[in-house]
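Engineer: structure here, sequence nowhere to be found:
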Ligand SMILES: C[S@@+](CC[C@H](N)C(=O)[O-])C[C@H]1O[C@@H](n2cnc3c(N)ncnc32)[C@H](O)[C@@H]1O
């Protein structure tokens, strides 16, 4: 279990070589104008995996509301590349939403929610996901401009939170940025930036 520690991450980057830092800068330059917020996740591996999802879909920033612990094995170390921030509570999140001009979208199961496959995304969405046991708090649910739901067709009452996040981000990125060039594939993996000096990066 790892607690988000911005000082440790800063220290880490001070010790990295310039090529690795340049890799992060190139990634940052491609980030998309949206954010993800998660409220009080209780299972640290879910957050670890969700950090990977945020990275794969060039998330602008990832906000951890309340709980800020995650499984580093789940994040695969990519948390050091992500723009992550801890906010203590719902009030702090709502202040951030106002400051940044986000449209807050509660991703939640609700009879009145809009269905993902028919949804038109706003210009600067902040997708908000609830905890594994309780879903979203009433305060954040009510403060959201929109509720958005992924249709389900089987017996299971809800999806895993990282699975939900992956589906929503995939739908958003492919609909709103259809011409975005995916990272090239080498073998069975997306290829790490060859100029990065990263271990395992294939030769030019
Ligand atoms: C495991 S679910 C929480 C369910 C919780 N037991 C409840 O009844 O409220 C965790 C989070 O995943 C997201 N989620 C899961 N399935 C979803 C769906 N079909 N549509 C939208 N969001 C979903 C929501 O953000 C939810 O708060």
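Structural biologist: Cool, the structure landed. All figures in this text were calculated on a predicted structure; none of them were measured in a lab.

Engineer: give me every residue in this protein lying close to the ligand.
Structural biologist: Residues of the chain lying near the ligand by Cβ under 6 Å from any ligand atom: 107-109, 129-130, 132-136, 149-150, 152, 158-159, 161, 164. C-beta: built from backbone N, CA, C; applies to glycine.

Engineer: and the residues you listed, which of them are in helices?
Structural biologist: 161, 164 (DSSP state H).

Engineer: among the residues of the chain next to the ligand, which ones are in strands?
Structural biologist: Counting by DSSP state E, these place 107, 129, 149 in strands.

Engineer: and those as a markdown table, adding pLDDT and neighbour count?
Structural biologist: Shown next, in a markdown table, are these (pLDDT from 0 to 100; neighbours: other Cβ atoms under 10 Å):
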| residue | pLDDT | neighbour count |
| --- | --- | --- |
| 107 | 98 | 25 |
| 129 | 98 | 24 |
| 149 | 98 | 19 |
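
Engineer: tell me what the one helix or strand residue 46 maps to is packed against?
Structural biologist: In this assignment (DSSP states H and E), residue 46 forms part of helix 44-56. Using 3 or more Cβ pairs under 8 Å, 6 or more residues apart in numbering; DSSP states H and E, the elements in contact with helix 44-56 are strand 35-39, strand 61-65, strand 69-70, helix 72-75, helix 161-176.

Engineer: closest to residue 46 out of the ones you listed?
Structural biologist: helix 161-176 (5.2 Å; Cβ to Cβ).

Engineer: show me what secondary structure element comes after that closest one.
Structural biologist: By DSSP H and E, the next helix or strand past helix 161-176 is strand 185-186.

Engineer: that next one - which strands sit beside it in the sheet, and in what orientation?
Structural biologist: Partners of strand 185-186 in the sheet, by DSSP bridges, are strand 189-190 (antiparallel).

Engineer: so residue 169 sits against residue 57, correct?
Structural biologist: Yes. With contact defined as Cβ atoms under 8 Å, residue 169 counts as touching residue 57 (4.0 Å).

Engineer: ok, now which ones touch the residue nearest the centre of the chain?
Structural biologist: Closest to where the C-alpha atoms of the chain average out (Cα atoms, centre = their mean) is residue 54, at 3.2 Å. With contact taken as Cβ atoms under 8 Å, 6 or more residues apart in numbering, residue 54 is in contact with 36, 62, 82, 165, 169.
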